[in-house]
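J.: predicted model, plus sequence, below.
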Amino acid sequence: MKLYNSASHQKEEFVPHTPGKVSMYTCGPTVYHFAHIGNLRSYIMEDVLEKFLRYDGYDVKRVMNITDVGHLASDADTGEDKMVKGAKREHKSVLEIAQFYTDAFFADCKKLNIKHPDVVQPATGMIDDYIKVISKLLDTGYAYFAGGNVYFDTSKLKQYYVFNDHDEEDLAVGVREGVEEDLNKRNKNDFVLWFTKSKFEDQALKWDSPWGVGYPGWHIECSCISMKYNGEYLDIHCGGIDNAFPHHTNEIAQSEAYLGHPWCKYWMHVHHLNTNHGKMSKSSGEFLTVSLLEEKGYDPLVYRFFCLQSHYRKSLIFSWENLDNAKTAYDKLVSRVAALSDDPAPVDEAAAAKYKAAFIEAVGNDLNTSLGVTALYDVLKADVNDATKRALIGSFDQVLGLDLLEKAAALREKASAPAEGAEEIEALIAQRLEAKKAKDWAKADAIRDQLKAMGVEIKDSKEGTTWTRV
């Protein structure tokens with residue numbers, strides 16, 4: 001497999017640290033609110049990556065954190081703690097908020113066919129690990145205590161900006177949005193490892209530490225959780241492109257300072273889901289969630305299909321029109337699969353191997369899911385028996401996660417179900433025909449609407465009117 005590495009800015013042949021095994025880490029949600037569909041685009045693409053690696057024969061271990069403390073409103077260690085903000089908004093405790101939105105996140109993931117990670121670790125369950133790592137960073141001179149907080153000293157590094165060559169002035173006070181001057185920092189790029197004295201005197205969650213009662217900064221959690229479950233060498237670290245700086249940059253700094261050797265080889269960043277008004281966020285425009293999509297009548301897998309039609313390193317524009325186009329294409333794809341016969345013939349293994357190889361080559365080229373979807377259509381058009389087509393579709397769907405065989409079976413079952421109420425439907429269609437002959441268009445339209453409300457779709461043609469249940 002070839003994967004674009006954000007650290008080297010090029011596609012590289014993927015070679016794991018241990019042959020045949022992949023250690024994978026994905027930045028999890030900060031559970032102070034529902035995940036919007038922009039957040040979930042990243043998890044969909046990370047899910048496809050994990051499933052493709054398994055499909056390609058690797059033994060994968062994926063670890064994910066749950067941020068339930070320490071993530072401030074600004075990634076630059078300023079603003080209000082997001083968990084406290086959520087608790088105030090809903091008049092609940094931080095732990096109640098964390099549990100509710102963790103459950104909601106994984107419920108959304110299930111609807112989107114996102115596999116549950118092998119390890120899920122809440123940040124609040126790792127306090128001793130943070131203290132151990134921070135203590136060593138202090139002992140080795142990579143961290144310092146000032147003004148009641150423990151900071152990482154970025155001036156000790158040979159290279160801090162790993163993913164981009166930032167201009168120092170970009171972080172100047174008043175230039176970069178959300179950055180406030182912290183007089184305790186020796187360098188403007190330094191970041192908090194542990195808060196013990198801050199403006200949050202009422203911080204809900206606090207723990208004892210060698211530096212006083214306090215709580216961890218956001219960046220330290222991912223390093224420690226990954227090292228605990230994946231060891232000292234990490235193969236792939238995933239996240240949204242907005243995590244590259246400063247979050248992932250800081251993770252690399254503290255992890256490699258602690259370990260004394262390179263930590264993670266491959267970095268995968270999924271680009272934003274945008275609306276016509278810009279980047280999707282919880283604070284701007286309509287708050288688009290999986291539940292909202294369902295309320296508007298969309299199967300969540302239509303959104304997954306929408307995401308798969310684009311490359312993860314390109315910004316994706318969301319609009320209801322674009323989602324409608326994806327729904328139309330997805331429904332047609334399911335219908336084509338449903339139209340395959342129950343062919344008792346054996347699977348053509350030679351042909352299947354050829355198409356599987358083409359699928360692996362397509363998706364294995366930097367997770368090109370749009371070509372993976374094209375491979376599905378190639379199978380449907382192929383000159384092979386339907387048993388082979390069904391086998392290949394089921395095989396590819398192990399990676400794409402679109403439930404095509406299951407949806408097709410449900411569609412066939414629905415089509416073959418007894419036509420309950422058929423006499424009433426036929427009578428209404430006859431009444432509509434008489435209304436049209438009498439040019440009573442209002443009555444004809446009213447009957448069409450009545451049939452639609454009954455879950456019946458009608459189509460007029462030269463041969464007459466046909467109907468189907470929808």
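T.: Arrived safely, thanks for sending.

J.: for the stretch 351-470 of the chain, which segments count as strands?
T.: With strands called from DSSP state E, counting those that start in this stretch, the stretch 351-470 of the chain shows them at 456-461, 464-469.

J.: adding distance to residue 267, mean neighbour count and mean pLDDT, write these out as a markdown table.
T.: In short, each C-beta sits where N, CA and C put it, glycine included. Shown next, in a markdown table, are the strands of the stretch 351-470 of the chain (distance: least, C-beta to C-beta, whole Å; neighbours: other C-beta atoms under 10 Å; pLDDT from 0 to 100):
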| stretch | distance to residue 267 | mean neighbour count | mean pLDDT |
| --- | --- | --- | --- |
| strand 456-461 | 48 | 13 | 86 |
| strand 464-469 | 49 | 13 | 82 |
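
J.: adding distance to residue 137, write those out as a markdown table.
T.: As requested, the strands of the stretch 351-470 of the chain are arranged in a markdown table below (distance: least, C-beta to C-beta, whole Å):
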| stretch | distance to residue 137 |
| --- | --- |
| strand 456-461 | 64 |
| strand 464-469 | 64 |
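
J.: looking at those strands, which is nearest to residue 404?
T.: The minimum distance between residue 404 and the strands of the stretch 351-470 of the chain falls on strand 464-469, with 20.1 Å, by C-beta to C-beta.

J.: list the helices and strands that closest one packs on?
T.: Strand 464-469 is packed against helix 404-416, helix 422-437, strand 456-461, with contacts defined by 3 or more C-beta pairs under 8 Å, 6 or more residues apart in numbering; DSSP states H and E.

J.: dump it to CSV, restricted to CA.
T.: Once non-C-alpha atoms are left out, strand 464-469 reads as follows in CSV (Å, rounded to 0.1, in the frame of the first residue of the first chain):
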residue,chain,number,x,y,z
GLY,A,464,-50.3,3.3,-18.3
THR,A,465,-49.6,3.9,-14.7
THR,A,466,-47.4,1.6,-12.5
TRP,A,467,-46.8,1.7,-8.8
THR,A,468,-44.2,0.6,-6.3
ARG,A,469,-43.8,0.8,-2.6
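
J.: any idea of the angle it forms with helix 422-437?
T.: Interaxial angle, strand 464-469 versus helix 422-437 (axes from the mean of the first three to the mean of the last three C-alpha atoms, to 10 degrees): 140 degrees.

J.: quick one: low-confidence parts of the chain?
T.: Across the chain, the ranges flagged by pLDDT under 70 are 70-80, 165-180, 198-203, 277-286, 417-420.

J.: between the helices and strands packed on strand 464-469, which one is closest to residue 15.
T.: Nearest to residue 15, of all these, is helix 404-416, at 32.3 Å by C-beta to C-beta.

J.: report the inter-axis angle for the closest one versus strand 464-469.
T.: 120 degrees.

J.: quick one: contacts of helix 404-416?
T.: 301, 333-335, 337-338, 340, 376, 390, 393-394, 397, 468-469 (C-beta atoms under 8 Å, 6 or more residues apart in numbering).

J.: would you turn the residues you listed into CSV with distance to residue 366?
T.: Formatted as CSV, those follow (distance: C-beta to C-beta, whole Å):
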residue, distance to residue 366
301, 23
333, 23
334, 28
335, 31
337, 27
338, 32
340, 31
376, 19
390, 29
393, 23
394, 25
397, 21
468, 41
469, 42
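
J.: can you go through those and name the buried ones?
T.: Among those, the ones that count as buried by 16 or more other C-beta atoms under 10 Å are 301, 333-334, 337-338, 340, 376, 390, 393, 397.

J.: reformat those as TSV; add distance to residue 38.
T.: Below are the buried ones among the contacts of helix 404-416 laid out as TSV (distance: C-beta to C-beta, whole Å):
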residue	distance to residue 38
301	18
333	24
334	26
337	29
338	32
340	35
376	26
390	34
393	29
397	25
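
J.: quick one: which of these is nearest to residue 421?
T.: residue 338 (22.6 Å).

J.: name the nearest residue to that closest one, ignoring sequence neighbours.
T.: residue 408 (3.9 Å; C-beta to C-beta, 6 or more residues apart in numbering).

J.: residue 248: which of the helices and strands packed on strand 464-469 is closest?
T.: Of those, the one closest to residue 248 (C-beta to C-beta) turns out to be helix 404-416, at 34.6 Å.

J.: hmm, back to that, JSON lines for the helices and strands packed on strand 464-469, including distance to residue 90?
T.: Listed next are the helices and strands packed on strand 464-469 as JSON lines, based on distance: least, C-beta to C-beta, whole Å:
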{"stretch": "helix 404-416", "distance to residue 90": "36"}
{"stretch": "helix 422-437", "distance to residue 90": "47"}
{"stretch": "strand 456-461", "distance to residue 90": "42"}
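
J.: which stretch among these comes nearest residue 36?
T.: For residue 36, the closest of the helices and strands packed on strand 464-469 is helix 404-416, at 25.2 Å, according to C-beta to C-beta.

J.: so how far is stretch 94-113 off the chain centroid?
T.: Relative to its chain's centre, stretch 94-113 lies at 13 Å (C-alpha atoms, centre = their mean, to the nearest Å).

J.: okay, buried residues for it please.
T.: Within stretch 94-113, the residues scored as buried using 16+ other C-beta under 10 Å are 94-95, 97-102, 104-106, 108-109, 111-113.

J.: and for it, what's in contact with it?
T.: Here stretch 94-113 makes contact (C-beta under 8 Å, 6+ apart) with 29, 31-35, 40, 43-44, 47, 66, 68-69, 83-84, 86-87, 90, 92, 116, 122, 124, 204-205, 289-291, 294, 300-301, 303-304, 401-403.

J.: same deal with stretch 31-41?
T.: Residues outside stretch 31-41 that contact it (C-beta under 8 Å, 6+ apart) are 29, 43, 66-68, 82-83, 85-87, 97-98, 100-102, 104-105, 108-109, 112, 114, 240, 270, 272-273, 279-282, 287-291, 293, 303, 307, 316, 318.
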